[in-house]
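Asks: coords please:
(one chain, ligands or ions: 1)
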Amino acid sequence: MSETDEPTASTDPRKEVPRQVPTPRGAVLALPPSSMPAGPASDDITDGLKEAYWSIYDGAAAQATVGQILAGLPRTVRQIGRLAWRTDRPATVAVVVLQLVSAAMSAFGLAASVAVLQQLFAQGPTPDKVRAAVPQILLVVAFLAARALLEAGVSVAQARVTPKIRTALESDFLQLTAHVRLEVVDDSDWHDDAYRANDRGLFYARQIVGQVVSLASAFLGLIGTAGVLTVLHPLLLPLLPLSVLPVGAAAVRTARARFHSFRRWNALQRRVRVFSWLLLDRDSAAELRADTAQKALLDEHRRLTTRIAEEDTRLGVSAAWLTLAGQGLGGIGAGVTYVALGAMLIAGWLPLAAGAGAVIAIQAGRTSLTQFVEVAHLVYEHALWVTDLLAFQERCRTLQPCHGRRQAPRTVAEIVLQNVGYTYPGNDTPALDGISLTLRAGETVAFVGLNGSGKSTCSRLIAGLYTPQKGSVLWDGVDAADLDTESLQQRVATVLQDPVRFPFSALANLTVSRGTLTEADPQRALAAARASGAAQVIAGLPGTWQALLSKRFRDGQELSAGQWAKIAVARGLYKDAPVLLLDEPTASMDPRAEHDVYQAVLRGKLRDDQITVLISHRLASVVDCDHIYVFDAGRITESGSHQDLMSLGGDYAQMFTLQAAGYQTEPATPVSDSRTAHS
Ligand SMILES: Nc1ncnc2c1ncn2[C@@H]1O[C@H](COP(=O)(O)OP(=O)(O)OP(=O)(O)O)[C@@H](O)[C@H]1O
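Replies: Alright, predicted model coming up:
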């Protein structure tokens, strides 16, 4: 529909104005059920909770074999290495070099220990053997001391790099998520992914660096031990895994069970948090008490936490049994190892001195291999979350608004919506369909209509928050889709009915609309506060401009809903943008404040080149607007000035007459003679 197709006012005297609100189009609602389940049913703890949230890992951790875990490690190590390299190169180099040298010291220390034993078990009188072993003993001490120093160095370097990785990942994560397009945020799947990445990915990213270092340390220790065993006798090498692998297998199985449990537990935990928050939060406190709803919420909270506790116990018991089985099998493996060693000694394949050294080396190898297997399964499990986080970040990069295109103009003479259509993700019905209208500098335009008719969606399209799927929004003839999104959003000030109550100072609550919490333009702030009615509110606060607007902090101030609304309008005005969108900002204001706000923004009084759009259900406040658009089920059904629309006798006239009637003690006066009969 072009601009010329807009529905316009007519003065058809046959039109009648019935005394009732126009009914919205839509489905008829059936009777609700008399009872409903409080939450998930009893079979599976996630029944009733959306599984898709976690299902991306189905099959990965659950079906991983030891081989797969080992095969996945190089990739994880590379991934973490790249992250570390990006955040602190010297510390990363230090970790790698010190770790390698420390592993070499361990191997030399082990070799020296074996040499000491060989000295002690050699032929000859004991005092001579001990004396001969002293240099080797000193060598062992030196290697151990060097290893301790190097490990301390590794810890220091690791302590430098780990928080940096965490900080870098977290700020990347927030930078990306805070900038994704608004329609992406409306997608509940994206929300789940964001929650998981924030909650688990960032948490494990911090731990995984230390785990990778331990893994490397265990791996290098294992290589050193294998080297020493090979030198003593190559046949000793295959004996090593016998005692360790059963313990490792049990650890892997436990990890897998924990991963599964966590997947289910977390879905529940998220629901528990919702209940905890509702029970704790100040915003819900009054209504909770007024509704006496605490017991219902507490019951549900208790039911869910009991199930989490049961799940924890089930997991703990099964982990204990698995570990016991692993250690039992490992003990048998150790027995087999020592029997084989004894057989080699008896057969004379190995001298007694080498046999004693082999026992030490096998013990050291066992320690390294156990550490390796245990850490490997943790790294494998946690790498899934970190990979998930990194994949989510990659996805967010593709969901950013368009950057680097033409900058939006500093001022705009005309914004034209041409046949615009928009459907929210996941919805079947379009929120807007075939919207055409023109907004001109210096004019104030009103959007009115029933709830859900598309007014806010239309204003968000104008603000560049959504991109239309059909038609276009033209800024002085240039398609907004070809403009840099951020620059476009900088040209639009939007004030919402339910504004964010920033827990900042009163002044920062204004300046945030210009992207700063620390820099202010005092003149502009005062002008905005005066025009919005916020000046009186701020003047009455202890600390005035510096007053902290949040009771969550010490000495914070609490404002009423109407006072917050004034602050929000002040924030919009402070932005001093060429386009001002006011989406029912005055609903909670007193009549005088509301009147003042509307008078202030009418017809570019504050800024003569400003395009102002008012969305309001109080039609008395839009009568002075230059143009009024009436929305119904995503379409514009009427448009014109107040007089035009009253003469038209359509939905607007009905709604206006009805509201006006509410202020009259006498029955409402019909808007024209022809309507008297009907009313
Ligand atoms: N974020 C969203 N995701 C999905 N659907 C939405 C979303 N926001 C609005 N809708 C739907 O789009 C339609 C238009 O909503 P919109 O908020 O634009 O109406 P409105 O005229 O501003 O209503 P109100 O007067 O109640 O503020 C409604 O059917 C609503 O359910």
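
Asks: please name the nearest non-neighbouring residue to H595.
Replies: S621 (7.3 Å; C-beta to C-beta, 6 or more residues apart in numbering). Backbone N, C-alpha and C define where each C-beta goes, glycine included.

Asks: which SS class is that neighbour?
Replies: Assigned state for S621: helix (three-state reduction, DSSP: H, G, I helix; E, B strand; the rest coil).

Asks: what's the neighbour count on Q363?
Replies: 14 (other C-beta atoms under 10 Å).

Asks: and it, how far is that from S188?
Replies: Distance, Q363 to S188, using C-beta to C-beta, to the nearest Å: 54 Å.

Asks: just checking, N419 touches L432?
Replies: No. In this structure, N419 is not within contact of L432 by C-beta atoms under 8 Å, at 10.3 Å.

Asks: quick one, which of the two is more surrounded?
Replies: More neighbours surround L432 than the other of N419 and L432, with 28 against 16 (other C-beta under 10 Å).

Asks: burial of the residue nearest to H595, as a residue count?
Replies: S621 has 20 neighbours, counted by other C-beta under 10 Å.

Asks: the residue nearest the centre of the chain: what secondary structure?
Replies: What sits nearest the mean C-alpha location of the chain, by C-alpha atoms, centre = their mean, is A194, with 3.8 Å. Classification of A194 by three-state DSSP places it in helix.

Asks: show me the contacts for it.
Replies: By C-beta atoms under 8 Å, 6 or more residues apart in numbering, A194 lies in contact with 177, 392.

Asks: mind pulling the model confidence for it?
Replies: Note on A194: pLDDT of 88.

Asks: any regions of the stretch 151-300 of the chain where pLDDT drops low?
Replies: Scanning the stretch 151-300 of the chain for pLDDT under 70 picks out the ranges 243-244, 246-252, 254-256, 258-264, 266-267.

Asks: what residues does it have near the ligand?
Replies: D186 (C-beta under 6 Å from any ligand atom).

Asks: as a check, name the ranges of all helices in the stretch 151-300 of the chain.
Replies: For the stretch 151-300 of the chain, applying DSSP state H, counting those that start in this stretch gives helices covering 182-185, 188-196, 202-232, 240-280, 282-290, 294-346.

Asks: where do the strands sit along this structure?
Replies: 414-422, 432-440, 444-449, 470-475, 478-479, 492-495, 579-583, 611-615, 627-632, 635-640 (DSSP state E).

Asks: so how far is W265 from the residue nearest to the centre of the chain?
Replies: A194 is 19 Å from W265, by C-beta to C-beta.

Asks: now do T423
Replies: Applying C-beta to C-beta, the value for T423 to W265 is 36 Å.

Asks: what of P468?
Replies: Counting by C-beta to C-beta, the gap from P468 to W265 is 42 Å.

Asks: kindly report the same for V445.
Replies: 52 Å.

Asks: can you check L648 too?
Replies: 60 Å.

Asks: then T398?
Replies: 31 Å.

Asks: okay, these two: which has more neighbours?
Replies: Set T398 next to W265 and count neighbours by other C-beta under 10 Å: W265 wins out with 19 against 8.

Asks: isn't the more buried one right up against I308?
Replies: Yes. W265 lies in contact with I308 (C-beta under 8 Å); the separation is 5.9 Å.

Asks: most tightly surrounded among the helices of the stretch 151-300 of the chain?
Replies: Stretch with highest mean neighbour count among the helices of the stretch 151-300 of the chain: helix 202-232 (a mean of 20; mean count of other C-beta atoms under 10 Å).

Asks: tell me which strands and helices that one is in contact with?
Replies: helix 66-87, helix 89-120, helix 126-179, helix 240-280, helix 352-398 (3 or more C-beta pairs under 8 Å, 6 or more residues apart in numbering; DSSP states H and E).

Asks: please name every helix or strand in contact with the third one.
Replies: Right, helix 126-179. helix 66-87, helix 89-120, helix 202-232, helix 352-398.

Asks: now with 10 Å, please.
Replies: Where contact means 3 or more C-beta pairs under 10 Å, 6 or more residues apart in numbering; DSSP states H and E, helix 126-179 is packed against helix 66-87, helix 89-120, helix 182-185, helix 188-196, helix 202-232, helix 352-398.

Asks: residues of the second one that come out buried?
Replies: Under the neighbour-count criterion of 16 or more other C-beta atoms under 10 Å, helix 89-120 has 91-92, 94-96, 98-99, 101-120 buried.

Asks: show me what it packs onto, helices and strands only.
Replies: Counting by 3+ C-beta pairs under 10 Å, 6+ apart, helix 89-120 packs on helix 66-87, helix 126-179, helix 202-232, helix 352-398.

Asks: could these be laid out in JSON lines, adding distance to Q536?
Replies: Converted to JSON lines, the helices and strands packed on helix 89-120 look like this (distance: least, C-beta to C-beta, whole Å):
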{"stretch": "helix 66-87", "distance to Q536": "49"}
{"stretch": "helix 126-179", "distance to Q536": "33"}
{"stretch": "helix 202-232", "distance to Q536": "44"}
{"stretch": "helix 352-398", "distance to Q536": "42"}
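
Asks: so for Q563, which of the ones you listed sits nearest?
Replies: Closest approach to Q563 among these is made by helix 126-179 (27.3 Å; C-beta to C-beta).

Asks: domain map for this structure?
Replies: 1-19+404-491+580-673, 65-398, 502-576 (automatic domain parsing).

Asks: please tell me how far the first one is from the chain's geometric centre.
Replies: Relative to the centre of its chain, domain 1-19+404-491+580-673 is centred 33 Å away, using C-alpha atoms, centre = their mean, to the nearest Å.

Asks: quick one: mean pLDDT for that domain?
Replies: The model assigns domain 1-19+404-491+580-673 a mean pLDDT of 83.

Asks: that domain vs the ligand: in contact?
Replies: Yes. Domain 1-19+404-491+580-673 lies within reach of the ligand by C-beta under 6 Å from any ligand atom, at 424, 427, 431, 449, 451-457, 631.

Asks: okay, those residues in a markdown table with neighbour count next?
Replies: Shown next, in a markdown table, are those (neighbours: other C-beta atoms under 10 Å):
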| residue | neighbour count |
| --- | --- |
| Y424 | 15 |
| N427 | 10 |
| A431 | 21 |
| G449 | 26 |
| N451 | 7 |
| G452 | 15 |
| S453 | 24 |
| G454 | 23 |
| K455 | 26 |
| S456 | 19 |
| T457 | 23 |
| F631 | 25 |
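
Asks: nearest to L279, of these?
Replies: N451 (29.9 Å).

Asks: who touches the residue in the stretch 101-250 of the chain that the ligand sits nearest to in this structure?
Replies: Sorted by distance to the ligand under C-beta to the nearest ligand atom, the residues of the stretch 101-250 of the chain start with D186, at 4.2 Å. Under the criterion of C-beta atoms under 10 Å, 6 or more residues apart in numbering, the neighbours of D186 are 424-427, 466.

Asks: which of these lies closest to the ligand?
Replies: Nearest to the ligand among the contacts of D186, with distances taken as C-beta to the nearest ligand atom, is Y424, at 3.3 Å.

Asks: and the helices in the stretch 551-679 of the chain?
Replies: Under DSSP H, counting those that start in this stretch, the stretch 551-679 of the chain gives helices at 561-575, 591-601, 642-648, 651-662, 673-676.

Asks: just name the most buried of those.
Replies: Using mean count of other C-beta under 10 Å, the stretch among the helices of the stretch 551-679 of the chain with the largest mean neighbour count is helix 561-575, at a mean of 25.

Asks: can you give me the angle it makes with helix 591-601?
Replies: Orientation check (axes from the mean of the first three to the mean of the last three C-alpha atoms, to 10 degrees): helix 561-575 against helix 591-601 gives 10 degrees.

Asks: how far does helix 561-575 sit from its chain's centre?
Replies: 27 Å.

Asks: look up phi and psi at P401.
Replies: phi -70, psi 170 (degrees, to the nearest 10).
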